[in-house]
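Asker: Could you work out the structure for the sequence below:
(one chain, ligands or ions: 1)
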Amino acid sequence: MSHFWKPGTEKPRIVDDEEGGVLFLSTAASSSSSSGFGYGSMEKQRQRLPVYKYRTAILYLVETHATSIIVGETGSGKTTQIPQYLKEAGWADGGRVIACTQPRRLAVQSVAARVAEEMGVKLGEEVGYTIRFEDLTNTNTTTIKFLTDGVLLREMMDDPLLTKYSVIMVDEAHERSISTDILLGLLKKIQRRRPELRLIISSATIEAKSMSAFFQASKRRRGLEGEELGPRMEPAILSVEGRGFNVQIHFAEEPVSDYVQAVVSTVLSIHNQEPMGDILVFLTGQDDIDTAVKLLNEEAQSNGKKSSGLIVLPLYSGLSRAEQELIFTPTPRGKRKVVISTNIAETSLTLEGIVYVVDSGFSKQRFYNPISDIENLVVAPLSKASARQRAGRAGRVRPGKCYRLYTEEYFVNEMSAEGIPEMQRSNLVSCVIQLKALGIDNILGFDWPASPSPEAMIRALEVLYSLGVLDDDAKLTTPAGFQVAEIPLEPMISKMILSSNELGCSEEILTIAATLSIQSIWVSGRGVQKELDEAKLRFAAAEGDHVTFLNVYKGFLQSGKSSQWCHKNHVNYQAMKKVIEIRGQLRRIAQRLGIVLKSCEGDMKAVRKAVTAGFFANACRLEAFSHSGMYKTVRGSQEVYIHPSSVLFRVNPKWVIFHSLVSTDRQYMRNVISIDPSWLREAAPHFYQHQPHNAIGH
Ligand SMILES: Nc1ncnc2c1ncn2[C@@H]1O[C@H](COP(=O)(O)OP(=O)(O)OP(=O)(O)O)[C@@H](O)[C@H]1O
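Answerer: Numbering: from 1, shown residues only. Down below sits the predicted model:
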């Protein structure tokens, strides 16, 4: 192998914890790797998982403790088995439901399907799932329900105490997504009102001590005589030892400078030198992934022998559902599947054929600076916890290998143990509105597992006030605030949709909202930049990217949603199918909220005003003296530039609004639209009240 020679020595270990009055249970359990390849019956497979040896211990802890923290290595069987054990022990009797949350939609769907299969039932009946815009459960029969943590938060709006659930298992808690953290804070509150509710916090590498300390504060109920009632409120910690099949780790000999190229050569080396078995590659985002797919496919064409038999599939959230599901289809005999993915395949996913994992060592992460009020999407190094999750995708159903595109020295000495919780590196606008919608008024005093900075909170409150979502007492306004809270999108997009109603352009804005929620509608990649730029010119609108999206969408519909049309125009066919899918869902929500579906018939001023009504906080002005296209954000005076992928790159209108920022050598604005600055004060008088008139005047 060109890059690898060094097998790793590090073995993932579980942190033991016997302190602080916390109950620690540990029974020696051998790894299922000793059981070799045989599959046997489904029941036998279940019994071979490390978690099986802990079945009684887990059920005992759940019976006697309000909260149980279960730490176990990836592949030990936590996600698929624990909900079934609970059901078998009667926790779903009497119409009660066992919930298991996941941070990602794809994981929810695939784990639910697996559990239904293991139980021999039809998915959507006894075992079901709910993700945003999709509910595959049956109110009468579903007893085990998988759902995203975001969806469970939304359920609290209708049922604040989550009364139908007997046990809620918060899985993959180590990921510390914003929704997981909000959920943990709220569940702790609910538990005080519903001591019979049981919580299981489960994860591969959670910091069990700090999580336990977080739940420790809850008091046990007392009876009239002062006797303690109900379950013990201090959390129990259980460490499940043993993991899936063995995964041999290989590290790069030298640091890798171009990880996309390194991925391509590593995949080809595996293909040429290693026995059959599928490959899962982790890259950072759509652009990298599309490039790697293209390079591998080109190899397959130009170098028939070396790479024949490779089926290369991309996997990222911007793909349509059908395209994502391709990764689950069995690989034909004599072929090798290569799935090239973002971190959406990092946790909870079992792809049966995967034997090899290639880990670039990076992922795209959000970083927010409350002082400059700037949130960036940055390609950042992984944590050890994520690297272990990635390696764990091999070795699920047979022994595997993981090739890390970084050195062992880097892994041991420089990689951080855990990532920073998303809560502490994000803009909190969505989080605050959710809590407000749940009636949590004292946001600053909320009990968080990891507190966000007060500056970030205040910024979020200010933006929400300016969006007209909060009133002077920081309570949700009626009806606008409640409507924005009800649309399951970021509040700025929701506000843009609501404003389009008054401006008579809801049909256009729904298309824009759907397009903004996927990463890119263009086919990018190395070597096609010139053709892509030419294709974009065919659709480019002087107003900017949002209006350009409308032109592409129109062209796509006129072509009869043709894939050839997309190919000819460098438009990503799967992305367009996803736009249509999301748009349909948003349309239904808009109708439910009483928004009149109407087209502005080419009045782009209305469209730009609606975008301004939602995204006024992202307004920028071109620096008069700047020949390099430097803009400054109106609030915060941060230096930003139009991204080369924007149709306004080098056009540089004086005033623009952006949708998001990415940071490479500079801060670049992605998806940019030109505006008239007078609309800013119209849209958000409070937000811009301290700006000198000439700062946002003509
Ligand atoms: N779809 C599937 N097909 C085949 N085997 C599966 C499937 N899903 C799960 N398994 C088997 O069950 C094992 C345990 O999976 P499970 O998701 O419960 O583990 P886990 O401990 O929750 O791991 P993680 O933290 O990575 O999600 C897998 O390693 C695999 O052997």
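Asker: Which single residue of the stretch 151-300 of the chain approaches the ligand most closely?
Answerer: Nearest residue of the stretch 151-300 of the chain to the ligand: residue 244, at 4.1 Å (Cβ to the nearest ligand atom). All C-beta atoms are positioned from the backbone trio N, CA, C, and that covers glycine.
Asker: Could you pull up phi and psi at that residue?
Answerer: Per-residue torsions, residue 244: phi -70, psi -150 (degrees, to the nearest 10).
Asker: what's the answer for residue 198, then?
Answerer: Residue torsions, per degrees, to the nearest 10, at residue 198 are phi -110, psi 140.
Asker: Likewise for the one 5 residues further on?
Answerer: With angles defined as degrees, to the nearest 10, residue 203 sits at phi -170, psi 170.
Asker: Name the nearest residue to the residue of the stretch 151-300 of the chain closest to the ligand, ignoring sequence neighbours.
Answerer: residue 75 (2.7 Å; Cβ to Cβ, 6 or more residues apart in numbering).
Asker: Double-check that neighbour against residue 395; I have them as touching.
Answerer: Yes - the pair residue 75 / residue 395 is scored as a contact, 6.4 Å apart, by Cβ atoms under 8 Å.
Asker: can you list residues touching both of those two?
Answerer: Common neighbours of residue 75 and residue 395 (criterion: Cβ atoms under 8 Å, 6 or more residues apart in numbering): 243, 244, 245.
Asker: Output the residues you listed in TSV, with pLDDT and neighbour count appended to each entry.
Answerer: Shown next, in TSV, are the shared contacts of residue 75 and residue 395 (pLDDT from 0 to 100; neighbours: other Cβ atoms under 10 Å):
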residue	pLDDT	neighbour count
243	73	26
244	75	26
245	85	20
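Asker: Could you double-check that the residue of the stretch 151-300 of the chain closest to the ligand sits in contact with residue 72?
Answerer: No - contact criterion Cβ under 8 Å: residue 244 and residue 72 do not qualify, at 10.6 Å.
Asker: Near residue 42, how many other residues are there?
Answerer: Look at residue 42: counted by other Cβ atoms under 10 Å, it has 12 neighbours.
Asker: Over to the nearest residue to it once chain neighbours are set aside. Which of the three states is it?
Answerer: The shortest distance from residue 42 to any non-neighbouring residue, by Cβ to Cβ, 6+ apart, is to residue 118 (5.6 Å). Secondary structure assignment for residue 118 (DSSP: H, G, I helix; E, B strand; the rest coil): helix.
Asker: What residues does residue 118 make contact with?
Answerer: Contacts of residue 118 by Cβ under 8 Å, 6+ apart are 42, 46, 80, 84.
Asker: redo that, cut-off 10 Å
Answerer: 42, 43, 45, 46, 80, 81, 84, 127 (Cβ atoms under 10 Å, 6 or more residues apart in numbering).
Asker: got those as JSON lines, with secondary structure columns?
Answerer: Shown next, in JSON lines, are these (three-state DSSP):
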{"residue": "42", "secondary structure": "helix"}
{"residue": "43", "secondary structure": "helix"}
{"residue": "45", "secondary structure": "helix"}
{"residue": "46", "secondary structure": "helix"}
{"residue": "80", "secondary structure": "helix"}
{"residue": "81", "secondary structure": "helix"}
{"residue": "84", "secondary structure": "helix"}
{"residue": "127", "secondary structure": "strand"}
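Asker: top of those residues by neighbour count?
Answerer: Busiest of those [other Cβ under 10 Å] is residue 127, holding 30 neighbours.
Asker: burial count for the closest residue to that residue other than its chain neighbours?
Answerer: Leaving aside its chain neighbours, residue 127 sits nearest to residue 116 (4.1 Å; criterion: Cβ to Cβ, 6+ apart). A count of neighbours around residue 116, defined by other Cβ under 10 Å, yields 21.
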